[in-house]
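> Pasted the sequence and its predicted model underneath.
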Amino acid sequence: MATPRITILGAGFAGLSMVRALRARGSRAEITVVAPRAELHYLPGIIWIPSGLRRREDLVVPLDAFFRRMDVRFVAGEVTGLADDARTVQTSAGEIANDGLVIATGGRFIKKLPGIEHAITPCEGIAAAERIGERLRGMSGGNIAVGFSGNPNEPSAVRGGPMFEFLFGIDAQLRREGRRDAFKLVFFNPSETPGNRLGMKAVQHLLAQMAARGIATHLGHKLVRFEADRVVTAGGEFPAELILFMPGMTGNAWFDQTKLPRSPGGLVAADAHCRVPGFERVVVVGDSGSFPGPDWIPKQAHMADLQAKAAAANLIADLEGRAARETFKVELVCIIDALEHGTLVYRSESRNLLLARSRLLHWSKRAFERRYLRQYR
């Protein structure tokens, strides 16, 4: 039998986890990774860019050495579509044939809110975090609004955790600089219980922390629009010279050029084994997919790792003609950092734990970053 060809679309957390999972299971397949660049941008670390704790060069890891170690061929390009029942990937660099396909191109932020150009979306990348730092340094005082929303058709397609970290991090940074009294911070969200995917104990803790830090809240009101100097909701408006906003997520634009099954929220539909129904030897991992399970299933690197292990086992079995129905554990592990200390939130289908305000957790998050990136350097 010829050596199978596996094509992985994406070089983020999900795609790279698939490379490691396939090789860890002994796969000798010819692996091709398609992505715009052979770099990993460690986005969890951008929360520390405004304070100067991290710089761009700390968070960008060239992947050439990792790809050589893993015997991976890299193609620099953008995915534009699929053909031949997904056996051919269409890219800006040409067509790539495969025997097995992994979709790991992440998600796309829904930018339909009027005036959203007045807001910075932090998780769009390192440049966004750098803009936040520049804006903060240029302000002598004023109003800062931080918030997020979700995809109404996809409860899991939201990334709120980083916004709590930016909120508390900015508060701590301004206190360090002796400037906090010159600023008003407002946290806003269309839900009255923001972050409820973390569990109600976490929500109550986060809101209590905002109250203790003098951070105002504007909750439970539908967002109407942003203006250059204010946030407008169905329940009123408030001034904001700096707006940080994370909208809900949906699928990549290139999905629209395919026959891939889609969830109501626009993501690629997957079964409990990460397989894409109706397509042979096609799996999806990470933010690109909509998976069965509780509505709080997280969009985070840890979840992508768990999904990649199941997807790799099932894809290898499919290529070898064996039966395999590996599933993944649904688990949320999050340290919400506040620049000097952190709060640990853990959630599984049977447990929900909270460990609040520990300096050790801040340093644990930094240690995890070093350990995680070491495997790709």
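Arrived safely, thanks for sending.
> And the residue lying closest to Ala356 once chain neighbours are set aside, its phi and psi?
Spatial nearest neighbour of Ala356, excluding adjacent residues (CB to CB, 6 or more residues apart in numbering): Thr343 at 4.8 Å. All C-beta atoms are positioned from the backbone trio N, CA, C, and that covers glycine. Per-residue torsions, Thr343: phi -120, psi 130 (degrees, to the nearest 10).
> what's around the closest residue to Glu130 other than its chain neighbours, how many residues?
For Glu130, ignoring the flanking residues on the chain, the nearest one in space by CB to CB, 6+ apart is Ile49 at 6.0 Å. For Ile49, the neighbour count with other CB atoms under 10 Å is 24.
> same thing with Ala323?
7.
> and if you look at Ser51?
Ser51: 17 neighbours (other CB under 10 Å).
> mind listing the helices for the stretch 251-377 of the chain?
301-320, 359-374 (DSSP state H, counting those that start in this stretch).
> Out of these, which is closest to Leu113?
Closest of these to Leu113 is helix 301-320, at 26.5 Å (criterion: CB to CB).
> Which neighbouring elements make contact with the closest one?
helix 13-24, strand 100-103, strand 282-284, strand 332-337 (3 or more CB pairs under 8 Å, 6 or more residues apart in numbering; DSSP states H and E).
> and among the ones you listed, the most buried is which?
strand 100-103 (a mean of 29; mean count of other CB atoms under 10 Å).
> which is the next helix or strand following that one?
strand 108-109 (DSSP states H and E).
> buried residues in the helix or strand that comes right after that next one?
The element immediately downstream of strand 108-109 (helix or strand, assigned by DSSP H and E) is helix 126-138. Neighbour-count burial for helix 126-138 flags 126, 128-129, 131-133, 135-136 (criterion: 16 or more other CB atoms under 10 Å).
> Look at Leu244 and tell me its secondary structure.
strand (DSSP: H, G, I helix; E, B strand; the rest coil).
> In three-state terms, label the residue nearest to it when sequence neighbours are not counted for me.
The shortest distance from Leu244 to any non-neighbouring residue, by CB to CB, 6+ apart, is to Val146 (4.6 Å). What three-state DSSP gives for Val146 is strand.
> Enumerate every residue touching Val146.
163, 166-167, 170, 185-188, 243-245 (CB atoms under 8 Å, 6 or more residues apart in numbering).
> at 7 Å what do you get?
163, 166-167, 187, 244 (CB atoms under 7 Å, 6 or more residues apart in numbering).
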